[in-house]
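>>> Provided below for reference: sequence and predicted model.
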Amino acid sequence: MVPSLKRLLAALRRLPGVGAKSAQRIGYHLLRAEKSESYELARSIVNLAERVALCSICGNIAETTADENRRPVCEICSDPERDEERLLIVEEPYNVESFERTGVFNGRYHVLGGLFDPLAGIGAEELGLDKLRRRIAEAAYNEIILATSPTAAGEATAAYLRELLEPLNVRLTRIAVGLSAGADVDYADEVSLRLAVEGRREMH
Ligand SMILES: [Zn+2]
């Protein structure tokens, strides 16, 4: 195999869900296809790396602007039409997309970027929980909804957040486990996710 193809296959295999067979199929497909297809794929990947960053307010993904002095702010944080009184806390940016698709929530989000995982060294500091606490203390939310998955790590994270936010005296709710226990928020379909938000319960 020529070195250039070998290099591409090695890069593809580092992607989630791409094994040796798929990498080879993609590699040979690109060799046969119009060059423009390869260029567009390569440019879109470079563009993603250069122009997409985490929102400085909520941790969701945000498109950056040419102005380097301006901190990245996502579409939801910069939308004046959103409900300022509700905050939904999720694990990952793609969870925001899932809740947005249900259309059941019109407030603000906060993305943790992970869950408690003591074995992997992920704790309060890694999840930026101090920043989250400050954000909530400085705003006037009527309700904070915890939407971490009903898995062991998701529940542990929710329990920690409850303790952390308790002194702030704000209403805390947890999405219902209409999703079967142990199921991940990422794999829930829109209907279950909507029911989970609608059936949320008080945490106090
Ligand atoms: Zn944001």
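Nice, I can see it. Keep in mind that what you see is a predicted model, and the values were worked out from it rather than measured.
>>> Residues contacting stretch 90-106, please?
The contact list for stretch 90-106 (C-beta atoms under 8 Å, 6 or more residues apart in numbering) reads 54, 59-61, 76, 81-83, 86, 88, 109-115, 145, 147-149, 154, 157, 185-186, 188, 190, 193-194, 197-198. Bear in mind the C-beta positions are built from the backbone N, C-alpha and C, glycine included.
>>> and if we set it to 7 Å?
Here stretch 90-106 makes contact (C-beta atoms under 7 Å, 6 or more residues apart in numbering) with 60-61, 82-83, 88, 109, 111-115, 147-149, 185-186, 190, 193-194, 197-198.
>>> One more: stretch 59-74?
Identification of contacts with stretch 59-74 by C-beta under 7 Å, 6+ apart yields 51-58, 76, 93, 96, 109-111, 113.
>>> Out of these, flag the one nearest to Glu202.
Distance to Glu202 across the contacts of stretch 59-74 (C-beta to C-beta) is lowest for His110, with 19.2 Å.
>>> and the contacts of stretch 90-106, which of them are in strands?
Residues of those located in strands (DSSP state E): 61, 88, 109, 111.
>>> and which of these is nearest the ion?
Tyr109 (6.7 Å; C-beta to the ion).
>>> Would you list the buried entries among the contacts of stretch 59-74?
55, 57-58, 76, 93, 96, 109-111, 113 (16 or more other C-beta atoms under 10 Å).
>>> who does the lowest-mean-pLDDT helix or strand in the chain touch, helix- and strand-wise?
One helix or strand of the chain scores below all others by mean pLDDT, DSSP states H and E: helix 190-198, with a mean of 84. On a contact count with 3 or more C-beta pairs under 7 Å, 6 or more residues apart in numbering; DSSP states H and E, helix 190-198 meets helix 93-102.
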